[in-house]
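1. my questions concern the predicted model and sequence given below.
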Amino acid sequence: LSIESDLRQAIRHNDLELFFQPKVHLKTGTIRSVEALVRWNHPSRGEITPSDFVPMAEQIGLISELGNWLINKACQQARSWNDEGLPPIRVAINLSPIQFRSGTLTGNIKNALAKHKIAPSQLEVEITETVLLEDTSRVMKTLEGIRKLGVRVALDDFGTGYSSLSYLTRFPFNTLKIDRSFVSRCIKHSQSAAVIHTIIQLCKNLNLEVVAEGVENEEELRFLMDHRCDYIQGFYFSQALSATELSRYIKRQS
Ligand code: G
Ligand code: G
Ligand code: NA
Ligand code: MN
(Lines give C-alpha, C1' and ligand atoms only; values in the text may rest on other atoms or scores of the structure.)
(Ligands and ions follow the chains in the order given, each with its own letter.)
Protein backbone atom coordinates (compact mmCIF):
# COMPACT_ATOMS: atom_id res chain seq x y z
CA LEU A 1 0.00 0.00 0.00
CA SER A 2 2.72 2.44 0.88
CA ILE A 3 4.41 1.88 -2.46
CA GLU A 4 1.19 3.03 -4.11
CA SER A 5 1.07 6.29 -2.24
CA ASP A 6 4.79 6.65 -2.97
CA LEU A 7 3.96 6.43 -6.66
CA ARG A 8 1.28 9.08 -6.31
CA GLN A 9 3.86 11.31 -4.63
CA ALA A 10 6.53 10.51 -7.19
CA ILE A 11 4.31 11.60 -10.08
CA ARG A 12 3.23 14.78 -8.34
CA HIS A 13 6.70 15.71 -7.13
CA ASN A 14 8.41 14.90 -10.38
CA ASP A 15 10.52 12.09 -8.86
CA LEU A 16 10.24 9.94 -11.95
CA GLU A 17 12.91 10.44 -14.53
CA LEU A 18 13.08 9.97 -18.27
CA PHE A 19 16.03 8.32 -19.95
CA PHE A 20 16.51 8.37 -23.69
CA GLN A 21 17.69 5.54 -25.89
CA PRO A 22 19.11 6.72 -29.23
CA LYS A 23 17.79 5.41 -32.53
CA VAL A 24 20.60 5.49 -35.05
CA HIS A 25 19.74 6.46 -38.62
CA LEU A 26 21.80 3.93 -40.56
CA LYS A 27 22.14 5.87 -43.80
CA THR A 28 23.73 8.90 -42.12
CA GLY A 29 24.94 7.43 -38.84
CA THR A 30 23.27 10.30 -36.98
CA ILE A 31 20.98 10.40 -33.97
CA ARG A 32 17.94 12.60 -34.41
CA SER A 33 15.49 10.36 -32.70
CA VAL A 34 15.19 8.81 -29.22
CA GLU A 35 12.81 6.64 -27.21
CA ALA A 36 11.91 8.01 -23.78
CA LEU A 37 11.96 5.35 -21.06
CA VAL A 38 10.69 6.22 -17.62
CA ARG A 39 12.61 5.27 -14.47
CA TRP A 40 11.53 5.43 -10.88
CA ASN A 41 14.31 5.49 -8.39
CA HIS A 42 12.49 4.65 -5.18
CA PRO A 43 14.19 6.03 -2.03
CA SER A 44 14.27 2.67 -0.23
CA ARG A 45 13.42 0.03 -2.85
CA GLY A 46 15.84 1.24 -5.48
CA GLU A 47 15.03 1.26 -9.16
CA ILE A 48 11.53 0.12 -10.11
CA THR A 49 10.88 -0.56 -13.76
CA PRO A 50 7.83 0.67 -15.66
CA SER A 51 6.78 -2.95 -16.24
CA ASP A 52 6.07 -2.98 -12.50
CA PHE A 53 4.75 0.47 -11.79
CA VAL A 54 2.71 1.16 -14.93
CA PRO A 55 0.28 -1.68 -14.05
CA MET A 56 0.18 -0.33 -10.51
CA ALA A 57 -0.67 3.14 -11.76
CA GLU A 58 -3.42 1.57 -13.86
CA GLN A 59 -4.86 -0.22 -10.84
CA ILE A 60 -4.92 2.80 -8.56
CA GLY A 61 -6.30 5.20 -11.11
CA LEU A 62 -3.11 7.17 -11.67
CA ILE A 63 -2.51 6.23 -15.23
CA SER A 64 -3.82 9.37 -16.90
CA GLU A 65 -1.79 11.46 -14.49
CA LEU A 66 1.29 9.40 -15.38
CA GLY A 67 0.54 9.74 -19.08
CA ASN A 68 0.13 13.45 -18.80
CA TRP A 69 3.35 13.76 -16.83
CA LEU A 70 5.11 11.76 -19.54
CA ILE A 71 3.78 13.84 -22.43
CA ASN A 72 4.72 17.08 -20.74
CA LYS A 73 8.11 15.85 -19.64
CA ALA A 74 8.96 14.68 -23.17
CA CYS A 75 7.95 18.04 -24.67
CA GLN A 76 9.79 19.96 -21.96
CA GLN A 77 12.94 17.96 -22.69
CA ALA A 78 12.65 18.50 -26.43
CA ARG A 79 12.30 22.23 -25.78
CA SER A 80 15.32 22.23 -23.54
CA TRP A 81 17.48 20.45 -26.18
CA ASN A 82 16.23 22.86 -28.85
CA ASP A 83 17.17 25.78 -26.63
CA GLU A 84 20.64 24.30 -26.13
CA GLY A 85 21.08 24.49 -29.89
CA LEU A 86 20.90 20.79 -30.70
CA PRO A 87 19.35 19.84 -34.03
CA PRO A 88 15.66 18.92 -33.52
CA ILE A 89 15.50 15.58 -31.69
CA ARG A 90 12.37 13.52 -32.12
CA VAL A 91 11.18 12.04 -28.83
CA ALA A 92 9.05 8.88 -28.81
CA ILE A 93 6.91 8.04 -25.79
CA ASN A 94 5.31 4.72 -24.88
CA LEU A 95 1.60 4.69 -24.12
CA SER A 96 -0.09 1.67 -22.54
CA PRO A 97 -3.53 0.58 -23.78
CA ILE A 98 -5.21 2.15 -20.75
CA GLN A 99 -3.40 5.46 -21.22
CA PHE A 100 -4.44 5.30 -24.81
CA ARG A 101 -8.07 4.85 -23.88
CA SER A 102 -8.26 8.25 -22.17
CA GLY A 103 -10.66 10.59 -23.93
CA THR A 104 -8.38 13.53 -23.22
CA LEU A 105 -5.21 12.10 -24.75
CA THR A 106 -5.25 14.10 -27.99
CA GLY A 107 -6.09 17.30 -26.13
CA ASN A 108 -3.33 16.68 -23.60
CA ILE A 109 -0.79 16.19 -26.38
CA LYS A 110 -1.94 19.31 -28.16
CA ASN A 111 -1.67 21.38 -24.98
CA ALA A 112 1.79 20.08 -24.12
CA LEU A 113 3.10 20.86 -27.62
CA ALA A 114 1.74 24.39 -27.39
CA LYS A 115 2.97 24.95 -23.84
CA HIS A 116 6.53 23.95 -24.71
CA LYS A 117 6.44 25.31 -28.26
CA ILE A 118 7.39 22.01 -29.84
CA ALA A 119 6.78 21.15 -33.49
CA PRO A 120 4.40 18.16 -33.58
CA SER A 121 6.86 16.33 -35.82
CA GLN A 122 9.26 16.25 -32.87
CA LEU A 123 6.94 13.93 -30.97
CA GLU A 124 6.11 10.29 -31.65
CA VAL A 125 3.77 7.95 -29.82
CA GLU A 126 4.66 4.23 -29.58
CA ILE A 127 1.79 1.83 -29.08
CA THR A 128 1.72 -1.95 -29.08
CA GLU A 129 -0.66 -4.19 -30.94
CA THR A 130 -2.68 -4.74 -27.76
CA VAL A 131 -3.96 -1.17 -28.11
CA LEU A 132 -5.49 -2.16 -31.44
CA LEU A 133 -7.46 -5.02 -29.92
CA GLU A 134 -9.63 -2.51 -28.09
CA ASP A 135 -12.72 -0.76 -29.40
CA THR A 136 -11.62 -0.25 -32.97
CA SER A 137 -13.55 2.83 -33.93
CA ARG A 138 -12.50 4.65 -30.79
CA VAL A 139 -8.84 3.70 -31.19
CA MET A 140 -9.01 4.75 -34.82
CA LYS A 141 -10.46 8.13 -33.89
CA THR A 142 -7.74 8.74 -31.31
CA LEU A 143 -4.99 7.71 -33.72
CA GLU A 144 -6.39 9.96 -36.40
CA GLY A 145 -6.65 12.82 -33.92
CA ILE A 146 -2.99 12.37 -32.96
CA ARG A 147 -1.93 12.19 -36.62
CA LYS A 148 -3.96 15.30 -37.44
CA LEU A 149 -1.94 17.21 -34.87
CA GLY A 150 1.13 16.21 -36.89
CA VAL A 151 2.41 13.84 -34.22
CA ARG A 152 3.86 10.56 -35.47
CA VAL A 153 2.60 7.13 -34.49
CA ALA A 154 4.75 4.00 -34.24
CA LEU A 155 3.67 0.38 -33.86
CA ASP A 156 5.96 -1.14 -31.22
CA ASP A 157 7.05 -4.76 -30.71
CA PHE A 158 5.84 -5.71 -34.16
CA GLY A 159 5.63 -9.41 -34.86
CA THR A 160 4.71 -10.56 -31.36
CA GLY A 161 1.30 -10.98 -29.84
CA TYR A 162 -1.64 -10.73 -32.14
CA SER A 163 0.05 -9.21 -35.16
CA SER A 164 -2.25 -8.87 -38.06
CA LEU A 165 -1.11 -7.42 -41.32
CA SER A 166 -4.48 -5.77 -41.69
CA TYR A 167 -3.50 -3.38 -38.85
CA LEU A 168 -0.91 -1.91 -41.17
CA THR A 169 -3.47 -0.98 -43.76
CA ARG A 170 -6.28 0.06 -41.40
CA PHE A 171 -4.43 2.24 -38.91
CA PRO A 172 -2.41 5.33 -39.79
CA PHE A 173 1.13 4.43 -38.68
CA ASN A 174 4.31 6.25 -39.65
CA THR A 175 6.75 3.79 -38.16
CA LEU A 176 7.04 0.12 -37.43
CA LYS A 177 9.40 -1.28 -34.79
CA ILE A 178 10.56 -4.86 -35.31
CA ASP A 179 10.48 -6.69 -32.00
CA ARG A 180 13.84 -7.51 -30.51
CA SER A 181 13.07 -11.24 -30.33
CA PHE A 182 13.55 -11.42 -34.13
CA VAL A 183 16.73 -9.37 -34.02
CA SER A 184 18.29 -11.50 -31.29
CA ARG A 185 17.79 -14.62 -33.43
CA CYS A 186 18.52 -13.21 -36.87
CA ILE A 187 22.08 -14.53 -37.11
CA LYS A 188 21.54 -18.10 -35.93
CA HIS A 189 18.00 -18.65 -37.06
CA SER A 190 17.29 -18.31 -40.75
CA GLN A 191 13.53 -18.07 -40.21
CA SER A 192 13.98 -14.96 -38.06
CA ALA A 193 16.28 -13.48 -40.68
CA ALA A 194 13.60 -14.12 -43.30
CA VAL A 195 10.94 -12.49 -41.14
CA ILE A 196 13.07 -9.37 -40.68
CA HIS A 197 13.86 -9.23 -44.38
CA THR A 198 10.17 -9.46 -45.21
CA ILE A 199 9.07 -6.86 -42.63
CA ILE A 200 11.62 -4.38 -43.98
CA GLN A 201 10.40 -4.92 -47.55
CA LEU A 202 6.82 -4.56 -46.42
CA CYS A 203 7.65 -1.26 -44.74
CA LYS A 204 9.34 0.03 -47.88
CA ASN A 205 6.30 -0.91 -49.94
CA LEU A 206 3.89 0.69 -47.48
CA ASN A 207 6.10 3.74 -47.07
CA LEU A 208 6.65 3.18 -43.35
CA GLU A 209 9.79 3.96 -41.45
CA VAL A 210 11.29 0.81 -39.97
CA VAL A 211 13.25 0.50 -36.73
CA ALA A 212 14.98 -2.66 -35.47
CA GLU A 213 14.99 -2.98 -31.70
CA GLY A 214 17.40 -4.78 -29.41
CA VAL A 215 20.51 -4.73 -31.61
CA GLU A 216 23.26 -6.10 -29.37
CA ASN A 217 26.22 -6.92 -31.61
CA GLU A 218 28.09 -6.14 -34.78
CA GLU A 219 26.69 -9.11 -36.73
CA GLU A 220 23.11 -7.98 -36.12
CA LEU A 221 24.02 -4.43 -37.11
CA ARG A 222 25.66 -5.69 -40.32
CA PHE A 223 22.61 -7.81 -41.15
CA LEU A 224 20.27 -4.83 -40.67
CA MET A 225 22.48 -2.56 -42.75
CA ASP A 226 22.60 -5.13 -45.54
CA HIS A 227 18.81 -5.27 -45.47
CA ARG A 228 18.52 -1.46 -45.55
CA CYS A 229 16.75 -1.04 -42.23
CA ASP A 230 16.15 2.69 -41.57
CA TYR A 231 16.98 2.87 -37.87
CA ILE A 232 18.49 0.66 -35.22
CA GLN A 233 18.12 0.82 -31.48
CA GLY A 234 19.86 -1.35 -28.94
CA PHE A 235 22.58 -1.90 -26.40
CA TYR A 236 25.24 -2.42 -29.08
CA PHE A 237 24.93 1.23 -29.84
CA SER A 238 23.67 2.68 -26.57
CA GLN A 239 21.49 2.01 -23.59
CA ALA A 240 19.10 4.73 -22.46
CA LEU A 241 20.98 7.90 -21.44
CA SER A 242 20.14 10.79 -19.17
CA ALA A 243 19.14 14.02 -20.90
CA THR A 244 22.58 15.49 -20.24
CA GLU A 245 24.43 12.43 -21.50
CA LEU A 246 22.33 12.37 -24.65
CA SER A 247 22.99 16.00 -25.36
CA ARG A 248 26.73 15.50 -24.89
CA TYR A 249 26.61 12.50 -27.19
CA ILE A 250 24.92 14.41 -30.00
CA LYS A 251 27.17 17.45 -29.65
CA ARG A 252 30.22 15.24 -29.87
CA GLN A 253 28.81 13.68 -33.01
CA SER A 254 27.86 16.85 -34.92
O1 G B 1 13.01 0.51 -20.03
P2 G B 1 12.46 -0.83 -19.69
O3 G B 1 13.09 -2.03 -20.29
O4 G B 1 12.42 -1.00 -18.19
O5 G B 1 10.93 -0.81 -20.15
C6 G B 1 10.09 -1.84 -19.85
C7 G B 1 8.76 -1.61 -20.53
O8 G B 1 8.14 -0.41 -20.03
C9 G B 1 8.86 -1.44 -22.03
O10 G B 1 7.88 -2.24 -22.63
C11 G B 1 8.56 0.00 -22.25
O12 G B 1 7.85 0.21 -23.46
C13 G B 1 7.68 0.37 -21.08
N14 G B 1 7.80 1.80 -20.77
C15 G B 1 8.94 2.52 -20.64
N16 G B 1 8.66 3.80 -20.35
C17 G B 1 7.30 3.89 -20.33
C18 G B 1 6.40 4.96 -20.11
O19 G B 1 6.78 6.10 -19.88
N20 G B 1 5.06 4.67 -20.15
C21 G B 1 4.60 3.43 -20.41
N22 G B 1 3.29 3.22 -20.44
N23 G B 1 5.43 2.38 -20.62
C24 G B 1 6.76 2.61 -20.59
O1 G C 1 8.63 -2.64 -25.16
P2 G C 1 9.66 -1.65 -25.58
O3 G C 1 10.16 -1.92 -26.95
O4 G C 1 9.23 -0.20 -25.43
O5 G C 1 10.88 -1.89 -24.60
C6 G C 1 11.95 -1.03 -24.54
C7 G C 1 12.92 -1.68 -23.61
O8 G C 1 13.84 -2.51 -24.32
C9 G C 1 13.76 -0.65 -22.91
O10 G C 1 13.37 -0.63 -21.60
C11 G C 1 15.16 -1.12 -22.99
O12 G C 1 15.76 -1.27 -21.72
C13 G C 1 15.07 -2.47 -23.66
N14 G C 1 16.16 -2.60 -24.61
C15 G C 1 16.64 -1.64 -25.43
N16 G C 1 17.68 -2.08 -26.17
C17 G C 1 17.87 -3.36 -25.81
C18 G C 1 18.80 -4.36 -26.22
O19 G C 1 19.66 -4.17 -27.07
N20 G C 1 18.69 -5.58 -25.64
C21 G C 1 17.74 -5.85 -24.69
N22 G C 1 17.71 -7.07 -24.16
N23 G C 1 16.86 -4.93 -24.28
C24 G C 1 16.90 -3.70 -24.83
NA1 NA D 1 8.64 1.27 -27.02
MN1 MN E 1 9.46 -2.51 -28.40
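-> Cool, the structure landed. Ligands and ions are numbered 1, 2, ... in the order given.
2. mind giving me the packing neighbours of the helix or strand hosting residue 249?
-> Assigned by DSSP states H and E, residue 249 belongs to helix 243-253. Where contact means 3 or more C-beta pairs under 8 Å, 6 or more residues apart in numbering; DSSP states H and E, helix 243-253 is packed against strand 16-25, strand 30-42, helix 63-84. Where C-beta positions appear, they are placed from N, C-alpha and C, glycine not excepted.
3. redo these as CSV? Include mean neighbour count.
-> Shown next, in CSV, are these (neighbours: other C-beta atoms under 10 Å):
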stretch, mean neighbour count
strand 16-25, 21
strand 30-42, 19
helix 63-84, 19
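4. do you know which of the ones you listed lies nearest ligand 2?
-> Among these, strand 30-42 comes nearest to ligand 2, with 4.8 Å by C-beta to the nearest ligand atom.
5. run me through the strand neighbours of the closest one, direction for each.
-> Note on strand 30-42: by DSSP bridges, its sheet partners are strand 16-25 (antiparallel), strand 46-48 (antiparallel), strand 90-94 (parallel).
6. that strand to helix 243-253, inter-axis angle?
-> 160 degrees (axes from the mean of the first three to the mean of the last three C-alpha atoms, to 10 degrees).
7. so is strand 30-42 next to ligand 1?
-> Yes - judged by C-beta under 6 Å from any ligand atom, strand 30-42 and ligand 1 are in contact via 37-38.
8. angle of that strand against helix 63-84?
-> 130 degrees.
9. do strand 30-42 and ligand 2 meet?
-> Yes - Strand 30-42 reaches ligand 2 (C-beta under 6 Å from any ligand atom) through residue 37.
10. what residues does the helix holding residue 249 touch?
-> Here helix 243-253 makes contact (C-beta atoms under 8 Å, 6 or more residues apart in numbering) with 18, 20, 22, 30-31, 34, 77, 80-81, 84, 86-87, 89, 238, 241.
11. can you check stretch 45-61 too?
-> Contacts for stretch 45-61 (C-beta under 8 Å, 6+ apart): 3-4, 7-8, 11, 37-42, 62-63, 65-66, 94, 96, 98.
12. quick one on the thing from earlier: can I get the strands paired with strand 30-42 in CSV with distance to residue 181 and mean pLDDT?
-> Below are these laid out as CSV (distance: least, C-beta to C-beta, whole Å; pLDDT from 0 to 100):
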stretch, distance to residue 181, mean pLDDT
strand 16-25, 17, 97
strand 46-48, 24, 92
strand 90-94, 17, 98
